[in-house]
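Student: any chance you could fold what I've pasted below:
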Amino acid sequence: MAKNKLGSHTFHPGQPVYISTWAAVGGKKEAEGPLGHGFDIRSMDTRFGEKTWEQAEKKMQQLALYKLLDKARLHANDIDLVFSGDLLNQCIGSSFTLRNTGIPHLGLYGACSTMAQSLLLAAMAVGGGYADRVVAMTSSHFAGSERQYRFPLGYGGQRTPTAQWTVTGSGAALVTAERSSVVIESATVGTVTDLGITDANNMGAAMAPAAFHTIRTHLEDTKTTPNDYDLIVTGDLGTIGVEALMGLCREDGIAIGGKLTDCGNLIYDPIRQDVHAGGSGCGCSAVVLCSELLNKLQAGKLKKILFCGTGALLSPTSTQQSLPIPGICHVIALEMGG
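Tutor: The predicted model follows:
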């Protein structure tokens, strides 16, 4: 039997695993939001000095990676492995970031759950003794995502009330066995859940069932309740998805209401910034985690949280063929370290 497995879908790393350092990069709209003060790098230029949106996303990841290394007082050759991904076709934001760096790279695609997915795999690699220092990283860009998944901005398409705003940002976290301020206590791998949602402008509703399933599984596997955590933070369900998740939890008898928040609802000001149903994108949970959440864990303002990365596993082709949108959610239990 797997010695580090808990219940059906959860594992603990096998040895203490920590997040020692982190860095967050935000675009103009994100920097102007309520969490902007906590970003390591803020840019008023949405192209980050590059010629295209896609190159701008690569630049964001580069900035996050090298800011992380600077804060950790490390060099690229000190990193054993990078798990990273993004929303661009073939994850070129990540691969272009890491070309010629000499850092071993495993590219990921988990849609907007990629930050949680990369942290989960990094914890496995370090906890299993396969690596000493692993970087988990991801990014997204509003304009690049709109062009790929919906319409180019120049088209001037109307956004529906259920639509969310893809975050322009990148987050990177260093996972290590060296004792530090934040502990990865356990993680639950999600399953692909599909309840038949086909509207690409309502991804919160598509992801909510997956979030419900993985959160419930984590609580069952670890024999905990929502009251054992200061916060249960979903990645980018937005206002619509959070409402759906709370409804599913009520039906199942899980009292999650007072603990639940969402990165997509935290990163923008709903009054000053018109983002309709909230933020989304790989960068949404990555930027919030690598600024607000980890900073508060380090400072002792939070003691224990569930970080629940949510992803809508659609593609332009599946959307054009009116196929349902599968969702996934991975859960990471984070605690204040000693």
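
Student: which ones are touching residue 6?
Tutor: 12, 186, 221-222 (C-beta atoms under 8 Å, 6 or more residues apart in numbering). Every C-beta, even on glycine, is put in place using the N, C-alpha and C of the backbone.

Student: just send those residues back as a markdown table, with secondary structure and pLDDT too.
Tutor: Formatted as a markdown table, those follow (DSSP: H, G, I helix; E, B strand; the rest coil; pLDDT from 0 to 100):
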| residue | secondary structure | pLDDT |
| --- | --- | --- |
| 12 | coil | 93 |
| 186 | strand | 97 |
| 221 | helix | 97 |
| 222 | helix | 97 |
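
Student: what's the farthest-apart pair in these?
Tutor: The largest separation in the contacts of residue 6, counting by C-beta to C-beta, is between 12 and 221 at 10.1 Å.

Student: so residue 59 touches residue 52, yeah?
Tutor: No - the pair residue 59 / residue 52 is not scored as a contact, 10.3 Å apart, by C-beta atoms under 8 Å.

Student: of the two, which one has the most company?
Tutor: Taking neighbours as other C-beta atoms under 10 Å, residue 59 and residue 52 compare with residue 59 leading, 23 against 13.

Student: what sits closest to that one if chain neighbours are left out?
Tutor: Distance criterion C-beta to C-beta, 6 or more residues apart in numbering; nearest residue to residue 59, sequence neighbours excluded, is residue 48 at 4.2 Å.

Student: please tell me how far the one you found sits from residue 67.
Tutor: Residue 48 is 13 Å from residue 67, where distance means C-beta to C-beta, to the nearest Å.

Student: residue 302 belongs to a strand, doesn't it?
Tutor: No - under DSSP: H, G, I helix; E, B strand; the rest coil, residue 302 sits outside any strand and is assigned coil.

Student: state the number of residues packed around it.
Tutor: Neighbour count for residue 302, taken as other C-beta under 10 Å: 21.

Student: tell me the contacts of it?
Tutor: Per C-beta under 8 Å, 6+ apart, neighbours of residue 302: 230-231, 293, 296, 336.

Student: let's see that with 10 Å instead.
Tutor: By C-beta atoms under 10 Å, 6 or more residues apart in numbering, the residues touching residue 302 are 182, 229-231, 233, 292-296, 334-336.

Student: of these, which belong to strands?
Tutor: Among the contacts of residue 302, DSSP state E puts 182, 231, 233, 334-336 in strands.

Student: all the helices of the stretch 101-250 of the chain, residue numbers only.
Tutor: 114-127, 142-149, 203-222, 238-252 (DSSP state H, counting those that start in this stretch).

Student: redo the ones you listed as CSV? Include mean neighbour count and distance to residue 262.
Tutor: Below are these laid out as CSV (neighbours: other C-beta atoms under 10 Å; distance: least, C-beta to C-beta, whole Å):
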stretch, mean neighbour count, distance to residue 262
helix 114-127, 27, 13
helix 142-149, 20, 18
helix 203-222, 25, 9
helix 238-252, 20, 5
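
Student: nice, that's everything, thank you.
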